[in-house]
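Asks: Here is a sequence with its predicted model. Questions after.
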Amino acid sequence: MTKISFNIYHNPRCSKSREALEILSSKTIDFKIIKYLDDEIDIIELKSILDLNNISKDEIIRTNENPYKELKLTKKDFSKDTIINLIYKFPILLQRPIICKYQNNKLVQSVIGRPPKTVLSLFD
């Protein structure tokens, strides 16, 4: 029997994140909320998200946040490892919300919930 579950990287202060969470809540599914600004980000899961190639290394990082601007970063210089380390060190740089779909505990798909209804693509 196939077990499907979801993780959502959620920022309660973000309207898009709240809307995506509402969509997940409306489904009768098992999901875990990861408040990535409060809890440590799992580097292995972050790497898995990028390795899936559903979300590019350029899409996963927020360029309008202070750490990005203060460090005078540019996307062209980033490797996946650099991005993972930056997000780990400055979680506010993680694009939000990210919703991950697991099948039998293996990550099979992920999306950025912008716009929030993109979450529905995980149910096709």
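Replies: Received, thanks. Because the structure is predicted, anything quoted here is derived from the model rather than measured.

Asks: okay, which residue is most central for the protein?
Replies: By Cα atoms, centre = their mean, the chain has its centre lying nearest to I98, at 2.7 Å.

Asks: Please tell me I have it right and that residue contacts S110.
Replies: Yes: I98 is within contact range of S110, at 6.0 Å (criterion: Cβ atoms under 8 Å). Glycine gets a C-beta too; all of them are placed from N, C-alpha and C.

Asks: can you give me the strands for the chain?
Replies: 4-9, 31-34, 98-103, 106-112 (DSSP state E).

Asks: Which positions in the helix ranked longest in the chain come out as buried?
Replies: Longest among the helix segments of the chain by residue count, using DSSP state H, is helix 15-26. Going by neighbour count (16 or more other Cβ atoms under 10 Å), the buried part of helix 15-26 is 16-17, 19-21, 23-24.

Asks: again with stretch 117-124
Replies: Within stretch 117-124, the residues scored as buried using 16+ other Cβ under 10 Å are 118-119, 122.

Asks: what does stretch 105-118 give?
Replies: For stretch 105-118, by 16+ other Cβ under 10 Å, it's 107, 109-114, 116, 118.

Asks: Ok, stretch 48-66 next?
Replies: Here stretch 48-66 shows 49-50, 54-55, 57, 60-61 as buried, counting by 16+ other Cβ under 10 Å.

Asks: Can you tell me which of the buried residues of helix 15-26 comes closest to I87?
Replies: Nearest to I87, judged by Cβ to Cβ, of the buried residues of helix 15-26 is S17 at 15.7 Å.

Asks: Spatially, what comes nearest to L120 if we skip its sequence neighbours?
Replies: Nearest residue to L120 in three dimensions, chain neighbours excluded: I23, at 6.7 Å (Cβ to Cβ, 6 or more residues apart in numbering).

Asks: Check the gap between that neighbour and I33 for me.
Replies: From I23 across to I33, the span is 13 Å (Cβ to Cβ, to the nearest Å).

Asks: same deal with N54?
Replies: 20 Å.

Asks: Also Q95?
Replies: 17 Å.
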